[in-house]
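Enquirer: Got a sequence here, can you build the structure:
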Amino acid sequence: MSNLKLFESKNIRSVWNEEEQKWYFSVQDVVEVLTDTVDPKDYIKKMRKRDLELNSNWGTICPPVEMIAADGKKRKIQAANVEGLLRIIQSIPSPKAEPFKRWLAKVGYERLEEIENPELAQKRIREIYSAKGYSDEWIEKRIRGIAVRDELTNEWKNRGVKEQKEFAILTSEISKATFGMTPAEYKQYKELEKPNDNLRDHMTDLELIFTMLGEASTIEIAKNIDVVGFEDNKVAAKQGGEIAGNARKELEKKSGRKVSTKTNYKELSEKEIRKRLKD
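Expert: Below is the predicted model of the structure:
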């Protein structure tokens, strides 16, 4: 279970390890939040130099854990569970240390609640997006998009597609056929420079809808044709994206406006931009 957790309005990538029943958090994201550094990698490097005990146990404290990056691709990054983070925090002089420890305890408790009642997980995702300034209309589409994406990746797993690289390639095929851009190109188009910038969190309603259409169409094609293996799924991904791409082009022709926009929510929130467009 991959997720984004919000601490003081900043995202921290995390993943739930079902076998260990523990959260693992991106060390880079945590360091950035606690120190406000513009270069968390450099801070970690210097921290390890001054704390030799931490450095000697770094591989144990911070194992490589697979998480979904901002571009939608899965990569192994340095991550730590709660115990590991508490040790790292000892080497970070920060006034945010104590609030962060309380936050960690709260996150762990909430996960246990979500296991008992899965509806709470969706409720909390809504609360996170609302706190970040997204409208209810946008949140509904984003939540639905997450569900479609999860269904698609599960379908790929069941049909012999390997995670990480192959998932990323298939996602790019859908995106190219839908919007004429790969996710990486789309991020550049929207001027999203930070690794933590999630492309879909900066999409408009229509962009989310066509993203969903491309992925939902891919699911239907894969199921109906019963494709197996990477190459056949690649064909299905391109075909699914083309369905969404053709619908996008038709809408653009009729409306006279492009679906893909440079709009992002870095400076103004989605809710603020929506209000300005209505006024």
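
Enquirer: Show the model's pLDDT score for residue 10.
Expert: If you check residue 10, the pLDDT there is 75.

Enquirer: who are the neighbours in contact with it?
Expert: 29, 32, 33 (C-beta atoms under 8 Å, 6 or more residues apart in numbering). Every C-beta, even on glycine, is put in place using the N, C-alpha and C of the backbone.

Enquirer: With residue 223 instead?
Expert: residue 155.

Enquirer: Quick check: it vs residue 164, distance?
Expert: Taking C-beta to C-beta, to the nearest Å as the measure, residue 223 falls 23 Å from residue 164.

Enquirer: Residue 259: how many residues sit nearby?
Expert: Neighbour count for residue 259, taken as other C-beta atoms under 10 Å: 19.

Enquirer: quick one: the strands in the stretch 51-200 of the chain?
Expert: 64-68, 74-80 (DSSP state E, counting those that start in this stretch).

Enquirer: and the shortest one with strand 74-80, angle?
Expert: Translated: strand 64-68. 130 degrees (axes from the mean of the first three to the mean of the last three C-alpha atoms, to 10 degrees).

Enquirer: Can you spell out the domain ranges of the chain, please?
Expert: For the chain, automatic domain parsing gives the domain ranges 2-117, 133-278.

Enquirer: so what secondary structure elements neighbour the longest helix anywhere in the chain?
Expert: When the chain is parsed with DSSP state H, its longest helix is helix 230-255. Here helix 230-255 touches helix 165-179, helix 205-225, going by 3 or more C-beta pairs under 8 Å, 6 or more residues apart in numbering; DSSP states H and E.

Enquirer: can you give me the offset of it from its chain's centre?
Expert: Centroid separation for helix 230-255 versus its chain: 23 Å, with C-alpha atoms, centre = their mean, to the nearest Å.
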